[in-house]
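In: Got a predicted structure plus its sequence, pasted below:
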Amino acid sequence: MRSKRCLGALTVFLLWAPSFAWAGVLYQYDGNPFQSVAGRYTTSDSLSGTIEVASVLAPNLTNAAITLTDWSFSDGLKVFDATNSTSNSPMVSTDGVGRIVSWSIDFSNAQGAVMGTFNNGPVDQIDQATDFTDGNSLASNMNLPGNWRLVPEPSSGALGALSLTLLLGAHFWISRRRLLAD
């Protein structure tokens, strides 16, 4: 009887524990190489990074303000994240299934460096970056917006698999113990 209570308690715990592992929803941006460069940037550099929001973006949003819970963006020279930069009024539009189709997302730091990506229609599509370390460095590309994709959350699946493994192991251990006791 005690073994059944332990197995029941373990089951409840393992079903409840993954809810604390959920960190948010990540969207990955992959930009195209910069076309116009000056200073330390090269045409091999581009914007790329992730933003984290609390939940999956709703379908059919139009220029909706979003709150970023975390981010990490690189322009080839520097990395901006929540510890060293600010996010300036990010906005997105989504299609019927919630994919980001237009956006305005930029970051800046205390030294005046910026990086941003915008896709607000055919005349307002740009990835741009500035860096003022060792002189003025500027980079951009026009009319070549990158792509956003939803990043799957691997830790939830791994935690679920671990939970199932532990439950099966506990069941096997209890069954084996019963057989030895008989």
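Out: Alright, I've got the coordinates.
In: so which strand or helix has the residue minimising distance to the centre of the chain?
Out: Against the mean C-alpha coordinate of the chain, by C-alpha atoms, centre = their mean, the closest residue is Leu26 at 2.2 Å. Per DSSP states H and E: Leu26 is located in strand 25-30.
In: same check, this time on Phe107
Out: With elements taken from DSSP H and E, the one containing Phe107 is strand 100-108.
In: Can you give the distance of that strand from its chain's centre?
Out: With C-alpha atoms, centre = their mean, to the nearest Å as the basis, strand 100-108 stands 14 Å off its chain's centre.
In: Using PDB, write down the CA coordinates of that strand.
Out: The C-alpha coordinates for strand 100-108 follow below in PDB (Å, rounded to 0.1, in the frame of the first residue of the first chain):
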ATOM      1  CA  ILE A 100       5.600  37.000 -37.800                       C
ATOM      2  CA  VAL A 101       5.200  38.700 -41.200                       C
ATOM      3  CA  SER A 102       6.000  42.300 -40.500                       C
ATOM      4  CA  TRP A 103       7.900  43.800 -37.600                       C
ATOM      5  CA  SER A 104       9.700  46.800 -36.100                       C
ATOM      6  CA  ILE A 105      12.300  45.600 -33.500                       C
ATOM      7  CA  ASP A 106      15.400  47.600 -32.500                       C
ATOM      8  CA  PHE A 107      17.800  47.700 -29.600                       C
ATOM      9  CA  SER A 108      20.300  50.300 -28.300                       C
END
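In: Pairing partners for it, with directions?
Out: Sheet pairing of strand 100-108 (DSSP bridges) gives strand 86-87 (antiparallel), strand 91-94 (antiparallel), strand 114-119 (antiparallel).
In: Let's have the ones you listed in a markdown table, adding distance to Asn141.
Out: Just so you know, the C-beta spots here come from the backbone N, C-alpha and C atoms, and that holds for glycine as well. A markdown table is the format used below for the strands paired with strand 100-108 (distance: least, C-beta to C-beta, whole Å):
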| stretch | distance to Asn141 |
| --- | --- |
| strand 86-87 | 21 |
| strand 91-94 | 20 |
| strand 114-119 | 10 |
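In: related to what we said a few turns ago, if you count neighbours, what's buried in the strand holding Leu26?
Out: Of all the residues in strand 25-30, those buried under the rule 16 or more other C-beta atoms under 10 Å are 25-27, 29.
In: so what's Asn147 closest to, chain neighbours aside?
Out: Nearest residue to Asn147 in three dimensions, chain neighbours excluded: Asp30, at 5.5 Å (C-beta to C-beta, 6 or more residues apart in numbering).
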